[in-house]
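K.L.:
Predicted structure and sequence below. I'll ask about it afterward.
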Amino acid sequence: MEKNGRFRGGTLAVDLRAVRSNYRLLRSRLRASTLCAGVVKADGYGLGATYVSRALFAEGCRHFFVAHLDEGLALRPYLPRSAAIFILNGLPRGAERECAAAGLVPVLNSPEQAGAWAGCARTRGQRLPAVLQVDSGMNRLGLTAGEAARFAETPARSGVVDLRYIMSHLACADTPAHEANAMQLATFRQLAGLFPDVPRSLANSSGIFLGPDYHFSLVRPGSALYGVNPDPAATNPMQSVVRLTAKVIQLRNVMPGDCVGYGWDARARGEARLATLSLGYADGFHRAWGKGGAVFFEGLRLPVVGRVSMDSIVIDASAIAPGRLGPDSEVEVIGDDQPLDDLASVADTIGYEVLTGLGSRYQRIYLGAEESVPSAMLEDSLQ
């Protein structure tokens with residue numbers, strides 16, 4: 001299944017079967033009583049939230065997390081009402097009525113958000129669902145210990161606000177031995193104890209691999225669903241989800257001393273065959289890849305030469321036999337020869353940033369999309 005035209009500078013293939021397989025693997029690490037959500041914020045980590053969410057729904061996922069209310073509003077028509085959509089960044093001021101009308105569930109991160117949601121519930125004359133986030137040591141979002149204690153004593157807690165989960169977020173789960181993990185776990189247990197009858201959620205992708213003590217009632221994997229390694233120090237257990245290729249625009253021969261690209265940052269040391277690709281930092285190929293970056297063709301590594309431009313890069317294709325590479329040939333940017341995390345490490349960044357930075361100019365192909373939308377789901381979504 002394709003999205004966008006064929007006259008693009010590159011192709012981004014998203015394997016929805018791999019997304020579903022990754023979800024199954026993550027779920028297999030949980031006890032039967034623990035539910036597995038899917039985090040699809042930032043347009044499904046840049047890969048298409050509607051496609052990813054429907055694939056996850058077909059795999060049995062019924063809990064979805066986005067960051068912003070606008071993301072939840074955009075996703076709501078693509079999932080049946082039996083799917084819960086949670087808003088991680090909580091309620092923007094004045095948006096309570098719209099959030100409630102769309103059947104979205106805010107993550108309450110402050111007493112002000114909690115008060116506004118309770119007020120909306122009273123106005124509507126109904127209990128409204130919510131998640132309460134407590135700060136277990138990351139100092140980013142959530143109620144402090146004092147705020148959580150006060151909220152636990154308010155009528156809103158047992159009255160108009162229907163708390164579905166108490167949650168917090170791990171700061172260092174991708175480093176299993178980090179002292180922050182045990183500290184945050186202990187703090188979370190203490191704060192969640194203020195709400196003894198409310199289910200709990202703590203683990204993200206990496207947190208799942210910390211073991212059952214971190215799993216509680218609901219886990220919230222994101223990056224691992226998309227193939228990012230949840231433990232960078234270990235072999236990646238997740239399947240690759242994306243394959244990115246870029247087209248060759250032009251080839252040329254250069255002589256010793258010839259300069260390449262902006263600033264003449266690169267100078268040929270000998271005769272070379274260069275290829276210009278229709279790919280640049282406007283497409284998420286970071287400028288940092290101008291130093292040490294590469295693409296692959298038929299298993300051969302072709303290094304980037306000079307600076308990355310907005311719409312193009314130059315690679316050294318001298319290793320390719322004459323006639324094997326020409327205009328409109330495609331080279332691999334992300335794939336079997338260069339996994340996502342390997343590409344990220346060259347630019348001293350992480351797979352999350354690479355995925356969410358992928359631009360809109362690629363031809364997008366969704367593999368397995370037809371398997372992700374069973375007819376029963378479509379009928380449910382119209383009700």
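P.N.:
That came through fine.

K.L.:
Next up, phi/psi of the closest residue to R287 other than its chain neighbours, please.
P.N.:
Distances taken as C-beta to C-beta, 6 or more residues apart in numbering place V308 nearest to R287, at 4.7 Å, with adjacent residues excluded. Every C-beta, even on glycine, is put in place using the N, C-alpha and C of the backbone. Here the main-chain torsion angles of V308 (degrees, to the nearest 10) amount to phi -80, psi 130.

K.L.:
Then the one 10 residues further on?
P.N.:
Here is the backbone geometry of S318 (degrees, to the nearest 10): phi -60, psi -30.

K.L.:
cool, and E96?
P.N.:
Residue torsions, per degrees, to the nearest 10, at E96 are phi -60, psi -40.

K.L.:
same deal with the one 4 residues further on?
P.N.:
Note on A100: its backbone torsions stand at phi -70, psi -40 [degrees, to the nearest 10].

K.L.:
ok, now which ones touch it?
P.N.:
120-121, 124, 128 (C-beta atoms under 8 Å, 6 or more residues apart in numbering).

K.L.:
how near is it to E332?
P.N.:
Note on A100: its distance to E332, by C-beta to C-beta, to the nearest Å, is 47 Å.

K.L.:
coming back round to it: if any of the contacts of A100 are buried, put those into a ChimeraX selection.
P.N.:
Restricted to buried positions by 16 or more other C-beta atoms under 10 Å, the ChimeraX selection for those reads:
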select :120,121,128
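
K.L.:
Just the ones of the contacts of A100 in helices?
P.N.:
Of the contacts of A100, the ones assigned to helices by DSSP state H are 120-121, 124.

K.L.:
Out of the residues you listed, flag the one nearest to L73.
P.N.:
Nearest to L73, judged by C-beta to C-beta, of the ones in helices among the contacts of A100 is C120 at 15.8 Å.

K.L.:
Look at P212 and say how many residues are nearby.
P.N.:
12 (other C-beta atoms under 10 Å).

K.L.:
no no, R24
P.N.:
The tally of other residues near R24 (other C-beta under 10 Å) stands at 12.

K.L.:
thinking in terms of the whole chain, how far from its middle is stretch 243-259?
P.N.:
Distance, stretch centre to chain centre, for stretch 243-259: 32 Å (C-alpha atoms, centre = their mean, to the nearest Å).

K.L.:
Now it: average pLDDT?
P.N.:
Here stretch 243-259 scores 95 as its mean pLDDT.

K.L.:
Give the buried residues for it.
P.N.:
243-249, 251, 254.

K.L.:
related to what we said a few turns ago, now for the residue nearest to R287: which residues touch it?
P.N.:
Here V308 is in contact with 280-281, 285-287, 289-290, 293 (C-beta under 8 Å, 6+ apart).

K.L.:
Now that we have the residues you listed, which of them are buried?
P.N.:
280-281, 285-286, 289-290, 293.

K.L.:
right, and the helix or strand after the helix or strand containing S21?
P.N.:
Assigned by DSSP states H and E, S21 belongs to helix 16-28. For helix 16-28, the following helix or strand on the C-terminal side (DSSP H and E) is strand 35-36.

K.L.:
helices or strands up against that following strand?
P.N.:
For strand 35-36, the elements it packs on are helix 16-28, strand 218-219, judged by 3 or more C-beta pairs under 8 Å, 6 or more residues apart in numbering; DSSP states H and E.

K.L.:
which one of the buried ones among the contacts of V308 is nearest G137?
P.N.:
Once C-beta to C-beta is applied, the member of the buried ones among the contacts of V308 that ends up nearest G137 is H286, at 31.0 Å.

K.L.:
That closest one is in contact with T349, isn't it?
P.N.:
Yes. Here H286 reaches T349: they are 7.1 Å apart, a contact under C-beta atoms under 8 Å.

K.L.:
Can you show me the helices along this protein?
P.N.:
Along the chain, the segments classed as helices by DSSP H run 16-28, 41-45, 49-58, 69-75, 96-101, 111-124, 145-152, 155-158, 179-192, 205-208, 340-346, 351-356, 375-381.

K.L.:
Mind checking the ones you listed for the one nearest to G263?
P.N.:
helix 340-346 (20.0 Å).
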